[in-house]
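K.L.:
Here you go, sequence then predicted model.
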Amino acid sequence: MVKGTRIQDVGPACGQIVVGYDGSPASQCALVWAAAVSRALDDSLKIVHAVELDLVPSRRGYALRPLSPSLEMVAQTIVGGPSTWPGPALARGRVRAVHAVGGPAPALVDASMSAELVVLGTRGRGRARTALIGSVSFAVVAHAYCPVVVLHDLVRFSSDASGDARVPGPGGEVVCAIAGGDGEEHAARVERIVSAASRIAVACSASLRLVTVTRGGVSDAARQRIPYAVASLTSRHPALVVTVEILTGDPVTVLAEATRHSGLLVVGAPLRGGATAVLSGQASYRLIRDATCPVMLVP
């Protein structure tokens, strides 16, 4: 059951970015990031607040747990209402606030069916505790129908004189991690990941760095594919600056260190989910927990 609160009918846009919001510092970071990127992409912004039902002695029998400030007030600040909003206001017709009754993970997964991107924050629990009690971010990543961006609550945004939060841009490159592999299925997966990364980079005027992390060497076939991948990107996006880097070591440790000052890290979503994947230390889940920049996971 979904209760919508329209600020105004959403006007024409390229797509829709969905952001989960519950008033926590992590969700506030996610909202700032999502608003800035939606503006760059010319996408509409849908703010989803999942609420639980409380039994109360009333005729209706149920009441919604309040959010302070209200979701409607949060949406109003983004479109230029009285606020301390850190970035440029979004067009009024591009913002929609929605109360979704139930758990946040199902609400965001449901919203992902019609979204280009889902953005949410995470509190960064430890691996074992997350597997035991569950994680909204892990559940959304495992089941979403579109790419998901996860921001850790330890991320610190630095604002410049214009008030813009640190997002992909001239001062914050987009890093795209490409795993080694062969075959048509792998090639198609890499294409999806690189396309998602380049879309953000182009819209935000950021450079794009393609990174392959290996524990050993890179095959000759893989090395030969790199120039073709770069040529393909630059032919489609002539203004996009693309660099390539091959690093050695543990993928999570290397990528976390290499992206400390980046605007976004783009990786493939886990091929399997659940507690087993979390406890086994699958790289995508470890990056959600360990990386200090926003992480986009592409299915």
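P.N.:
Cool, got the structure. Note that the coordinates shown come from a computational prediction; the quantities given were computed from them, not determined experimentally. Numbering: from 1, shown residues only.
K.L.:
Please make it C-alpha for all contacts and neighbour counts, starting now.
P.N.:
Fine.
K.L.:
pLDDT below threshold where in the stretch 1-150 of the chain?
P.N.:
1-14, 52-69, 79-87, 123-134 (pLDDT under 70).
K.L.:
where along the protein do the strands fall?
P.N.:
2-6, 16-20, 44-51, 53-55, 62-64, 95-101, 117-122, 148-152, 174-177, 208-214, 242-248, 264-268, 295-298 (DSSP state E).
K.L.:
max-length helix in the chain?
P.N.:
helix 184-203 (DSSP state H).
K.L.:
Any idea how far that one is from the middle of the chain?
P.N.:
Centroid separation for helix 184-203 versus its chain: 15 Å, with C-alpha atoms, centre = their mean, to the nearest Å.
K.L.:
Nearest to the spatial middle of the chain, which residue is it?
P.N.:
The chain has residue 149 as the residue nearest its centroid, 1.2 Å off, counting by C-alpha atoms, centre = their mean.
K.L.:
Which residues are in contact with that residue?
P.N.:
Residues counted as contacts of residue 149 (C-alpha atoms under 8 Å, 6 or more residues apart in numbering) are 117-120, 294-297.
K.L.:
Try it again at 6 Å.
P.N.:
With contacts defined as C-alpha atoms under 6 Å, 6 or more residues apart in numbering, residue 149 is in contact with 119, 295-296.
K.L.:
Let me know the closest of the residues you listed to residue 181.
P.N.:
residue 296 (20.4 Å; C-alpha to C-alpha).
K.L.:
what about that closest one, neighbour count?
P.N.:
29 (other C-alpha atoms under 10 Å).
K.L.:
which non-adjacent residue is nearest it?
P.N.:
Residue nearest to residue 296 in three dimensions, not counting chain neighbours: residue 149, with 4.1 Å by C-alpha to C-alpha, 6 or more residues apart in numbering.
K.L.:
Mind listing the residues bridging to the one you found?
P.N.:
residue 119, residue 296 (DSSP bridges).
K.L.:
Relative to residue 15, how far out is it?
P.N.:
16 Å (C-alpha to C-alpha, to the nearest Å).
K.L.:
repeat for residue 245
P.N.:
For residue 245, the distance to residue 15 equals 31 Å [C-alpha to C-alpha].
K.L.:
Look at those two and report which has more neighbours.
P.N.:
residue 15 (15 against 11).
K.L.:
ok, which stretches of the stretch 1-150 of the chain are helices?
P.N.:
25-41, 71-78, 104-112, 127-133, 136-143 (DSSP state H, counting those that start in this stretch).
K.L.:
Please tabulate those in JSON lines, including the columns distance to residue 290 and mean neighbour count.
P.N.:
Shown next, in JSON lines, are those (distance: least, C-alpha to C-alpha, whole Å; neighbours: other C-alpha atoms under 10 Å):
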{"stretch": "helix 25-41", "distance to residue 290": "15", "mean neighbour count": "22"}
{"stretch": "helix 71-78", "distance to residue 290": "29", "mean neighbour count": "19"}
{"stretch": "helix 104-112", "distance to residue 290": "21", "mean neighbour count": "21"}
{"stretch": "helix 127-133", "distance to residue 290": "11", "mean neighbour count": "13"}
{"stretch": "helix 136-143", "distance to residue 290": "13", "mean neighbour count": "22"}
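K.L.:
pLDDT value on residue 166, please?
P.N.:
We note a pLDDT of 66 for residue 166 in this prediction.
K.L.:
hmm, I was thinking of residue 218
P.N.:
Model confidence at residue 218 (pLDDT) stands at 60.
K.L.:
cool, residue 151 as well?
P.N.:
pLDDT, residue 151: 88.
K.L.:
Quick one: residues contacting it.
P.N.:
121, 294.
K.L.:
And the helices of the stretch 1-150 of the chain: which comes nearest residue 92?
P.N.:
helix 71-78 (8.3 Å).
K.L.:
That closest one vs strand 95-101, what angle?
P.N.:
Relative orientation of helix 71-78 versus strand 95-101 (axes from the mean of the first three to the mean of the last three C-alpha atoms, to 10 degrees): 160 degrees.
K.L.:
got the angle for helix 71-78 vs strand 44-51?
P.N.:
Using the same axes, to 10 degrees: helix 71-78 against strand 44-51 is 150 degrees.
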